[in-house]
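Asker: fold the stuff below for me.
(one chain, ligands or ions: 1)
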Amino acid sequence: MIQEKKFYVTTPIYYVNDIPHIGHAYTTIAADILARYNRLQGKDVFFLTGTDEHGQKVEKAAKEKGKTPQEHADAMVENFRELWGKLNISNDAFIRTTDTPHIKTVQGLMQFLWDKGEIEKRSYSGWYCTPDERFWTGKDLVEGKCPDCGRPVDQIHEENYFFLMSKYQDRLVRHIEDNPDFLLPETRRNEVLGFLRNNTLGDLCISRPKSRLAWGVPLPFDENFVTYVWFDALVNYFSATRYLAPEAGNAKLGDFWWPADHHLVGKDILTTHAVYWSTMLMALNLPLPGNIFAHGWWTVDGKKMSKSVGNVVDPNAMADQYGVDAFRYFLFREVPFGLDGDFSEDALVRRINTDLANDLGNLLSRFLSMDEKYFDGTIEALVSLSPGLREFAAQCGSANAAAHDRHNWSHLRFNSILDSVWEIVREANNYIARTEPWKLAKKDEGELKRVMFGLWNALRLTALSLYPFMPATSENIWRQIGLRALVEEVQQNRSGAGARIFEWNWIPAYAIKTAKGAQLFPRIEKAEKDEGKAEKKEQKKEMAKMTEPGTRELIGIEDFAKVELKVGKVISAERVEKSAKLIKLKVDTGEERQIVAGIGKSYDPEYLVGKKIIVVANLKPAKLMGIESQGMLLAATGEDGVCSILALDRDVDQGARIK
Ligand code: ME8
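Answerer: From the prediction side, this is the model:
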C-alpha cells in the first residue's frame, strides 16, 4: 500500500567504473526535486541514491589499475558523493552494494526464493555482452552483436542458477494494465505491455561461476557461485529500507518505507526494472513500487555522449561555470521529463539570459528597488483588494495552483510545472508594465501599496514553487523579500492560519523588511562565453594530442623555451563566489598578477597565502567566470580528483625563472 504520509524515491545505483556525467546528474536532480517538494509538503521522505559496485566491469577496471575491486570502488565512489554535494542533492542515504547489510539482505532473499522453489540450476548456453553484463539468446542478437548496444558478444556454456521469471508473465501484464501509473511515461508503458503481450518471457540467469567472476555476492546455497549485477543491484531499493532509511514513528523501518513511491531510471534500464524487478518482488511476496519512471536520453549536439568522441558533458564543469541552480533549472525546463533531449551550452546560456536574468532576476530587482525607494523596504499586507490587484491575484492564483497540481507532480511533469511558475513571473512583469508604479508614486499611494503587495506575493509564491528546482536561489529570493528562512518558515506554518503559506493570502507574523542583495543571475555575454569555450576546445585538443597513443608529438627545446615559468609568491587568496572550484589569487612573480585557479576543492585559500608556486607567466589572459586570469599555476591531479600544486624543494625568491 502506498501511504499518503510517506514518500520514498530512488535513483538507479550507478556503476562505479565510470565518472559521473550529465545523465547521472539528471536522474539524481530529478529525484532531488521530488524529495524536496514532498518534504515541503510535510511528508516523511526517504531519498536514496548510491553505487553499483559488483560485476565484471569493476573487477576488470580495478585489475587494469593494479587495485583490488574494493579499493577501486572506494576511490570511485567519492566522485559521486562529491558531485551530489556540489549539486545540492539532499539524499537521505547513499547505498553501496558492497555494504555488508545489503549483501546479507541479498543472500537472505535468495535463500527464501531457493527454499520456495523459485530458483533452479540449469546448464546454459548463450551469448554474453560484457559491457552490458547481460545474456542474450542467439535469436536476440542483431547481426551477431548485442541488440542493446551493438557491441560484440561472447558465447558461453556453463551451469547457472535461474530465477523462474517466466511464470509471472501474466500476472505482470495484469498489474501493468490495472495500474495505469505503474510505468510512466505512457509511451514506455505501452512499449513494455506490447513486448509482454507478444513475446514469451524467459527465465533470468542470476548467477556466475566464481571461477569466472569473484567480485559478486556469494550464493547462500552454493559457494561456487556469486550472484551478479541485476539481482544484487535491484535489491538495493529494498535492502536500504532495512538499514539506511530514516526512523519513522514506531513503524518497523522497512515496513514503513517499502514499497517505493517512485523508482526513477533512464530508458536504458526500464526492462530490468519493469520486468526483472517486478517479477522478483512478486516471487518474494513483496508489494510492487508505486511507479517506475523511465526518462529520456541526453545527447550532445545531436550525438551520443562517448569518451572516444570526447563530448561527455561534465556536470562539475557546468555547475562551476554557470552555477548549480541555473544548470538544475535548464535540465528540467528545456526538455519534458520522459523525452530525449539535446544538450548545448548555447541553449543553457539562452535560458540563463532570458528566463533567469531577464524574467526572474529583473522582476526581483525592479520590485526591490521600487519598494526601497517608495516605502523604505516595508510591505503593508493589505486585505482590501482593488479591481486591478484582484485580477492580478486571480492570475497568479491559477498559475500557482497549476504549479502545485497533484497530477503534474505524480506524473513528473517538471517542465509544465516550471511553465506555470514562469506564468506568475510573466504576469508580475506585465503587472508592473500595466500599473506603472513610478506614475502611481506621484498620484496614488494607496494603489502603489497594493501593487507592491501584489508583486511581493507573486515573488513569494514563485520562490516557494521554485524551491525544489533551485533551492539556493529560492532561499535567496525569500530572504531578499523580507522573509526569514524558506524551509523553516514552511515547517512552522503547517497548521492553522499559517497553512495557507502556499496560497495568495499568507503573511508572516512579523513586519516585512525587504533587502536588496546581489543580482540573482548576471547575464552571460556571448563574447565572454565564446572566449571560455574556444579556450576549452583548444585545451582539450592539446590534451588529446598529448594523451592519444601514437599521435603524441615531441617538442624541441625551443618550444619549451617559449613557456615562461616563474616562481610566484601567493599574496592573497579567496574563493570565487558561486564556484566550488575556483580560487582567485594575487601572486607576486616579480610583478603582481591575478590568477584564477581551479584548485578550490583541494585547497583552502588561507593555506595558499605565503606559498611559493610555479606560474606560467606568459600565457594570454583568459576569463574564468568573468574574472581575468593572468597566467596559470601548475598542479597535478591524482586519480582521486585531488590536486597538488607544484612547489620548490628549497626556498627561491619570487620572480626567478624556471628553466
Ligand atoms: O545502469 N541521458 O548504472 P549506470 C540520461 N548500475 N540519463 C543517463 C544518460 C544519458 N545520456 N546516461 C546515463 C546502471 N544516464 C546500473 C543501474 S539500478 C538497480 C542499477 C542515467 O551507471 C540514467 O538514469 O550505467 C541511466 O538509467 C543511468 O544513468 C545508468 O547508470
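
Asker: retrieve the pLDDT associated with the residue of the stretch 251-400 of the chain found nearest the ligand.
Answerer: Closest to the ligand within the stretch 251-400 of the chain is residue 266: 2.7 Å, counting by CB to the nearest ligand atom. The way it works is simple: take the backbone N, C-alpha and C, and place the C-beta from them, glycine included. Here the pLDDT value assigned to residue 266 is 98.

Asker: which residues touch it?
Answerer: If you count contacts by CB atoms under 8 Å, 6 or more residues apart in numbering, residue 266 has them with 12, 23, 27, 294-297.

Asker: tell me which of these fall in helices.
Answerer: Among the contacts of residue 266, the members found in helices (DSSP state H) are 23, 27.

Asker: the contacts of residue 266: which two are farthest apart?
Answerer: For the contacts of residue 266, the maximum inter-member distance is 14.5 Å, found between 12 and 296 (CB to CB).

Asker: of those two, give the one with the bigger neighbour count.
Answerer: residue 12 (25 against 17; other CB atoms under 10 Å).

Asker: once you drop chain neighbours, what's closest to that one?
Answerer: Nearest non-adjacent residue to residue 12, counting by CB to CB, 6 or more residues apart in numbering: residue 265, 5.2 Å away.

Asker: quick one: the one you found and residue 296 touch, right?
Answerer: No. Assessed by CB atoms under 8 Å, residue 265 is found out of contact with residue 296, at 11.3 Å.

Asker: give the contact list for the nearest residue to residue 297 once chain neighbours are set aside.
Answerer: Distances taken as CB to CB, 6+ apart put residue 340 closest to residue 297, at 4.7 Å, once the chain neighbours are dropped. Contacts for residue 340 (CB under 8 Å, 6+ apart) come out as 296-299.

Asker: and what of residue 429?
Answerer: So residue 429 contacts 359, 362-363 (CB under 8 Å, 6+ apart).

Asker: same question, residue 51
Answerer: Counted by CB under 8 Å, 6+ apart, residue 51 has contacts 13-16, 73, 76-77, 80, 94-97.

Asker: which of the three states applies to it?
Answerer: In three-state terms, and counting by DSSP: H, G, I helix; E, B strand; the rest coil, residue 51 is strand.

Asker: and it, how far is that from the ligand?
Answerer: Separation of residue 51 from the ligand (CB to the nearest ligand atom, to the nearest Å): 8 Å.

Asker: so, low pLDDT: which residues of the stretch 451-600 of the chain?
Answerer: Within the stretch 451-600 of the chain, the stretches with pLDDT under 70 are 526-553.

Asker: tell me, how many residues neighbour the residue of the chain found nearest the ligand?
Answerer: Closest residue of the chain to the ligand, CB to the nearest ligand atom: residue 23 (2.1 Å). Other residues lying near residue 23 total 20 when counted by other CB under 10 Å.

Asker: quick one: it and residue 296 touch, right?
Answerer: No. Using CB under 8 Å, residue 23 is not in contact with residue 296, being 10.1 Å away.

Asker: ok, then the element right after the lowest-mean-pLDDT helix or strand in the chain?
Answerer: Sorting the helices and strands of the chain by mean pLDDT, DSSP states H and E puts helix 526-547 at the bottom, at a mean of 58. Following helix 526-547 in sequence order, the next helix or strand is helix 557-561 (DSSP states H and E).

Asker: can you name the element that comes right after that following helix?
Answerer: strand 565-575.

Asker: helices or strands next to that following strand in the packing?
Answerer: strand 583-588, strand 592-597, helix 605-608, strand 612-616, strand 657-658 (3 or more CB pairs under 8 Å, 6 or more residues apart in numbering; DSSP states H and E).

Asker: send me that strand as CSV with only the CA atoms.
Answerer: Below are the C-alpha coordinates for strand 565-575, written out as CSV (Å, rounded to 0.1, in the frame of the first residue of the first chain):
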residue,chain,number,x,y,z
LEU,A,565,57.8,29.6,-16.0
LYS,A,566,58.3,31.7,-12.9
VAL,A,567,58.4,31.3,-9.1
GLY,A,568,55.5,33.2,-7.6
LYS,A,569,54.6,34.0,-4.0
VAL,A,570,50.9,34.0,-3.1
ILE,A,571,50.0,37.3,-1.6
SER,A,572,46.3,36.7,-1.1
ALA,A,573,43.7,34.1,-2.0
GLU,A,574,39.9,34.0,-1.9
ARG,A,575,37.2,31.8,-3.3
